[in-house]
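1. 3D model of this:
(chains A and B)
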Amino acid sequence: MISFTSFPSKPQATSYASSSQYGESKRDLMDIDDEDFESQGSKLTCPGDGHGTYIDDDEVIASVAGTIERVNKLITVRAIRSRYNPEVGDLVVGRITEVQPRRWKVDAHSRQDAVLMLSSVNLPGGVQRRKLESDELQMRGFFEEGDLLVAEVQAFFSDGAMSLHTRSLKYGKLRNGQLVVVPPILVRRLKSHFLTLPCGVDLILGLNGYIWVSKHVKESEQEGEEGFDAEAVYSNVNDDIDEPTRTAISRVTHIIRVLTSHFIPLSDTLLLEAYEWAVEHESDVRDLLQQDFGDALVSSVVSGK
Amino acid sequence: MASRVEILNEGGFRSDGRRQFELRSIEMDMSQQGHADGSAVITHGLTQVQVSVFGPREAKMRSQTIHDRANINVEISIAPFSTGDRRKRSRGDKRILEYAAAIKSTFEPAIQTSLYPRSQIDVFIQVIQQDGGLLQACINGTTLALMNAGVPMIDFICAVSGGVHSTHPLLDLTLLEENDVPNVTIAVMPKTQKVSLVTMETRLHVDRFEEVFRLATEAGLVLHEEMKSAVLGRAKELISSLDMGSNANRGGDVDDDGMTGFN
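-> Below is the predicted model:
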């Protein structure tokens, strides 16, 4: 179906003639820089296949609007906005939607609900314990519909659904905080997705665009390997959160909303800068809800002052 | 004849001052609305439609999942204030359901649904103002919203309505013309020039049909240029703010994953 030639091949005359109508308007866009904001009708007459493309008559044509990425013969068009595309090892934040026999269904902002198997969670009484029938009967005791959790993508099923696991003490049920939903492209891969801001706020940046903002828990107070405390891990009750921490949490969530509404990718340095700017300039946390205040925040943070 | 509005006067102008083949002014707004994955507001003259796309996502009803491709779900609601006579239409209105079914079947060949087995793509259309050409506005708006949501598509779908006044073909009809003139709505995929929808609720002489069909297809290509520039404009806007953010992040903890486009 496709003819293979070495990569920077000359466009074939035939396909170019048929594409002249679109080729014209595309040229000037490509000249700006090496990006191609092409949506439909990208004419790349080199062989290859990739995501965000389809093949029609030996031509690779973009099927989404976005940036083109090339790795040798693999051409990918990455959509600017889309749902989360999971990869193994990604850290995600999700919400339980359903409890099924030996598994939970988790909404993770992806094209299908993720699956969390009973065998991929830590159960009370030690990590190495066998799953018992009694565990199956009390699954709602661990996670219930509506519970939020942080997990890692473990594998994929044949239909593309992802399977999650929480077999680490870093993962598990979430409490003491607030969820913010942002476009997944704005969460870049970082060295660590568990951030602690100096204002006493913990952040979990899920790669699926779900961000958990919560009260800071001291490392020493986190449940250790030996003292795996099921009560605490699967608890549904919030700790006491004092007034300044609540304010800090809502300030951070507002900042995230402001930045993402301006389509600025998030990172720890940027968030810190924005936080400091907000504390310095605001008279009240509510200021962040105002459009002009948000615009000022974004412009000052982006300009790097 | 003085009391009646002339569809096409002797000078070749229509009731709203347009020429025969002139389209109404188009406005396209693709900014983010609420939590929708993609949204668009499109205005054809005085017809205004807002479209929100959610998905692909897990189907709400198990019975609606298809094991090898995504299900497209289209829902239309018409605001009671959108027409001259204020009338409340229920969601079960036969006419609205028919529109929804037409839009669904128009987009089925264009969306690459096989990439998303067992998922659902929800398209919610809100009609804000209507002055003829409702179906074309819905289809064009849905195209933009789907692209905004990053749903993979084979091609744009551009729809235009056309009609014939005695022997003169007209394009992009207003409500007044639509009530008076036999009309068709045609949706084209510009790259291949395939037609994915032809619908007609009135009777039109078969000799006239070809001419209207050809004209509407051509007008679809004109619309395509407009829609393409709207999609690219939006993409450019988002990329530039992404770039700005990345530059601000430089020196931070960002893991450079070798994406050439962004650095």
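
2. okay, CA-based contacts and neighbour counts for the rest of this
-> OK.

3. give me every residue in the stretch 51-200 of chain A lying close to chain B.
-> A:52, A:54, A:63-69, A:79-83, A:109-113, A:159-160, A:188-191 (C-alpha under 8 Å from any C-alpha of the partner chain).

4. and these, which of them are buried?
-> A:52, A:54, A:63-69, A:79-83, A:109-113, A:160, A:188-190 (16 or more other C-alpha atoms under 10 Å in any protein chain shown).

5. the chain: strands as residue ranges?
-> In the absence of a named chain, chain A is used. Using DSSP state E, the strands of chain A run over A:53-56, A:59-62, A:66-71, A:74-79, A:91-100, A:103-107, A:114-117, A:148-156, A:162-165, A:172-173, A:177-181, A:194-197, A:201-205, A:210-215.

6. please refer instead to chain B.
-> B:26-29, B:38-44, B:47-58, B:71-78, B:119-129, B:158-165, B:168-171, B:183-189, B:194-200.

7. okay if I get the strands of chain A as a markdown table plus mean pLDDT and distance to residue B:171?
-> Shown next, in a markdown table, are those (pLDDT from 0 to 100; distance: least, C-alpha to C-alpha, whole Å):
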| stretch | mean pLDDT | distance to residue B:171 |
| --- | --- | --- |
| strand A:53-56 | 77 | 32 |
| strand A:59-62 | 78 | 31 |
| strand A:66-71 | 80 | 33 |
| strand A:74-79 | 80 | 34 |
| strand A:91-100 | 94 | 49 |
| strand A:103-107 | 94 | 46 |
| strand A:114-117 | 94 | 48 |
| strand A:148-156 | 94 | 50 |
| strand A:162-165 | 94 | 49 |
| strand A:172-173 | 90 | 59 |
| strand A:177-181 | 93 | 43 |
| strand A:194-197 | 90 | 58 |
| strand A:201-205 | 93 | 51 |
| strand A:210-215 | 94 | 46 |
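
8. wait, residue B:44 sits on residue B:29?
-> No - look at residue B:44 against residue B:29 with C-alpha atoms under 8 Å: they stay out of range, at 12.0 Å.

9. the closest residue to residue A:234 other than its chain neighbours: neighbour count?
-> Nearest non-adjacent residue to residue A:234, counting by C-alpha to C-alpha, 6 or more residues apart in numbering or on different chains: residue A:142, 5.5 Å away. Counted with other C-alpha atoms under 10 Å in any protein chain shown, the neighbours of residue A:142 add up to 21.

10. give the contact list for the nearest residue to residue B:140 once chain neighbours are set aside.
-> Spatial nearest neighbour of residue B:140, excluding adjacent residues (C-alpha to C-alpha, 6+ apart): residue B:158 at 5.6 Å. Contacts for residue B:158 were tallied using C-alpha atoms under 8 Å, 6 or more residues apart in numbering or on different chains; they are B:136, B:139-140, B:143, B:187-190, B:220-221, B:223-224.

11. for residue B:158, list each beta-bridge partner.
-> Beta bridges link residue B:158 to residue B:188 when assigned by DSSP bridges.

12. also the one 10 residues further on?
-> Counting by DSSP bridges, residue B:168 forms beta bridges with residue B:165.

13. just the pLDDT at it, thanks.
-> At residue B:168, the pLDDT value in this model is 91.

14. coming back round to it: would you list the strands of chain A in CSV and tack on distance to residue B:19?
-> Listed next are these as CSV, based on distance: least, C-alpha to C-alpha, whole Å:
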stretch, distance to residue B:19
strand A:53-56, 38
strand A:59-62, 36
strand A:66-71, 37
strand A:74-79, 39
strand A:91-100, 55
strand A:103-107, 52
strand A:114-117, 55
strand A:148-156, 57
strand A:162-165, 56
strand A:172-173, 65
strand A:177-181, 48
strand A:194-197, 62
strand A:201-205, 56
strand A:210-215, 52
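
15. of those, which is nearest residue B:51?
-> Residue B:51 lies closest to strand A:74-79 among these, at 19.3 Å (C-alpha to C-alpha).

16. please export the C-alpha coordinates of the closest one as CSV.
-> Presented in CSV, the C-alpha positions along strand A:74-79 are these (Å, rounded to 0.1, in the frame of the first residue of the first chain):
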residue,chain,number,x,y,z
LEU,A,74,7.0,7.7,12.4
ILE,A,75,4.9,10.8,12.0
THR,A,76,2.7,11.8,14.8
VAL,A,77,0.3,14.7,14.9
ARG,A,78,-0.3,15.6,18.5
ALA,A,79,-3.7,17.2,19.1
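
17. same for it, what does it pack against?
-> Using 3 or more C-alpha pairs under 8 Å, 6 or more residues apart in numbering or on different chains; DSSP states H and E, the elements in contact with strand A:74-79 are strand A:53-56, strand A:66-71.

18. buried sites along the shortest one?
-> Yep, that's strand A:53-56 we're talking about. Applying 16+ other C-alpha under 10 Å to strand A:53-56 flags A:53-55 as buried.

19. dump those residues to TSV, plus distance to residue B:84.
-> TSV is the format used below for those (distance: C-alpha to C-alpha, whole Å):
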residue	distance to residue B:84
A:53	45
A:54	45
A:55	47
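
20. now the helices: where do they sit in the chain?
-> Using chain A here. A:13-32, A:133-137, A:139-142, A:230-233, A:243-261, A:268-281, A:291-302 (DSSP state H).

21. switch to chain B, please.
-> In chain order, chain B shows helices spanning B:94-107, B:134-148, B:175-180, B:206-249, with DSSP H as the criterion.

22. what stretches of the stretch 201-305 of chain A score poorly on pLDDT?
-> Scanning the stretch 201-305 of chain A with the threshold set as pLDDT under 70 gives A:219-231, A:304-305.

23. write out the residues of it neighbouring chain B.
-> Taking C-alpha under 8 Å from any C-alpha as the contact definition, the stretch 201-305 of chain A meets chain B at A:262-270, A:301-304.

24. mind giving me the packing neighbours of the helix or strand of chain B with the lowest mean pLDDT?
-> The helix or strand of chain B with the poorest confidence is helix B:206-249; it has a mean of 89 (mean pLDDT, DSSP states H and E). Packed against helix B:206-249 by the contact rule (3+ C-alpha pairs under 8 Å, 6+ apart) you find helix A:268-281, helix A:291-302, strand B:26-29, helix B:134-148, strand B:158-165, strand B:168-171, strand B:183-189.

25. now it, how far from the chain's geometric center?
-> 11 Å (C-alpha atoms, centre = their mean, to the nearest Å).

26. for the closest residue to chain B within the stretch 151-300 of chain A, what are phi and psi?
-> Residue nearest to chain B within the stretch 151-300 of chain A: residue A:264 (4.8 Å; C-alpha to the nearest C-alpha). The phi/psi pair for residue A:264 (degrees, to the nearest 10) reads phi -100, psi 130.
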